[in-house]
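Asks: I'll drop the sequence and a predicted model, then ask my questions.
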Amino acid sequence: MKISRLILCLMVFAFPAFADDNHPSTIEDFNRAIAINPRSADAYFDRGLLWVKQGKLSPAIADFSQTITLSPQDMEAYYSRANAYAQQKSFMQAIVDYNKVIELDPSDATVYYNRGLSYSNTGNTAQAIADFTQAIKINPDYAASYHNRALSWDKVGDPVKAMADMNKSIALDPNDALSYYNRGNLNEKKGLLNDAINDFSKAIQLDPDNAQAYTNRGEVYVQQDDLPQARFDFSKAIEIDPRMAVAYNNRAIVYYQLKEFKKAWGDLNQAMALGFAPDPRFISTVKKAVDRTSN
């Protein structure tokens, strides 16, 4: 049994703050300011920041674009538009703007980091590694860059470098639950099951609502034939996230192995109701077991 992984990237969106407290505070205020002076790059830019604050990325991008039209060398406008594009998952457009920011100021580690994440999301892992490396060169204590470079090394099949970078990330930020979670995945892939359990347990300690950490730890317990603990972890994952279909599927496997066939069948049906596609052979096996024990 293999359980799907949810390896997350960390994106840093460093949108500038408003210049001072005298700026208009509502979209309507900015609209009036722009009506009075339609060539005010600052007014468009600040309205864009307010759109971002409200979670409305498309009008924010439009305002940052207008800022750039009026002030073509405005680095903060390019950076803010890049971050907004990245939040929209328009990663290629984000990269174009990060390129401009780096052209204007090549000394900001965070810009390389964010561009690295965008490259990673487009599948350009080699360029992502290069950007995370540059971010680390500028800021040797950049834990998140080590973290995401570790994930990139894992993608290209270099487990030694992946583990070294993840260890460095944890050394720099020992309270980051996600780093322990991802190192747990790396340890499981290496067959270091006890180390994987320890890492997932630490991730859970730091982030008790991490349903995926419970699910992945449960999968390791299954590999160790510790079915009661695996059942506990899958049940806990479901308690945290009742729509976590894979946890129902995996608990069904445990129930089947524990010969609790009706419970296995119930979990399988719940997993399918949530959109998960269990192995058809397993569905047939459980159904036969239920029918056999019901007669």
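Replies: That came through fine.
Asks: Ramachandran angles for the nearest residue to Gln93 once chain neighbours are set aside?
Replies: Spatial nearest neighbour of Gln93, chain neighbours left out: Tyr85 (4.4 Å); criterion: Cβ to Cβ, 6 or more residues apart in numbering. No exception for glycine: its C-beta is placed from N, CA and C like everyone else's. Tyr85 adopts backbone torsions of phi -60, psi -40, taken as degrees, to the nearest 10.
Asks: residues touching Tyr85, list them.
Replies: Taking Cβ atoms under 8 Å, 6 or more residues apart in numbering as the contact definition, Tyr85 lies against 61, 91, 93-94, 97.
Asks: ditto for Met244
Replies: 211-212, 215, 237-238, 274.
Asks: how about a cut-off of 10 Å?
Replies: Contact criterion Cβ atoms under 10 Å, 6 or more residues apart in numbering gives 211-212, 214-215, 234, 237-238, 250, 271, 274, 276 as the residues in contact with Met244.
Asks: and the residue nearest to Gln93, what pLDDT?
Replies: Among the per-residue scores, Tyr85 shows a pLDDT of 96.
Asks: Could you do the one 4 residues further on as well?
Replies: In this model, Lys89 is scored at 94, pLDDT.
Asks: Residue ranges in the chain under the pLDDT threshold?
Replies: Along the chain, the parts satisfying pLDDT under 70 run over 1-24, 295.
Asks: domains in it, as residue ranges please.
Replies: Per automatic domain parsing, the structural domains of the chain span 26-105, 248-295.
Asks: if we can go back for a sec, in TSV: the contacts of Tyr85, plus distance to Asp158 and secondary structure.
Replies: Converted to TSV, the contacts of Tyr85 look like this (distance: Cβ to Cβ, whole Å; DSSP: H, G, I helix; E, B strand; the rest coil):
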residue	distance to Asp158	secondary structure
Ile61	36	helix
Phe91	23	helix
Gln93	30	helix
Ala94	26	helix
Asp97	30	helix
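Asks: From the residues you listed, list the buried ones, please.
Replies: Neighbour-count burial (16 or more other Cβ atoms under 10 Å) applied to the contacts of Tyr85 gives 61, 91, 93-94, 97.
Asks: Is Asn175 in a helix, a strand, or coil?
Replies: Asn175 carries the three-state label coil when classified by DSSP: H, G, I helix; E, B strand; the rest coil.
Asks: residues contacting the residue lying closest to it once chain neighbours are set aside?
Replies: With Cβ to Cβ, 6+ apart as the measure, Leu206 is the residue that lies nearest to Asn175, at 6.1 Å, once sequence neighbours are left out. Going by Cβ under 10 Å, 6+ apart, Leu206 touches 174-181, 213.
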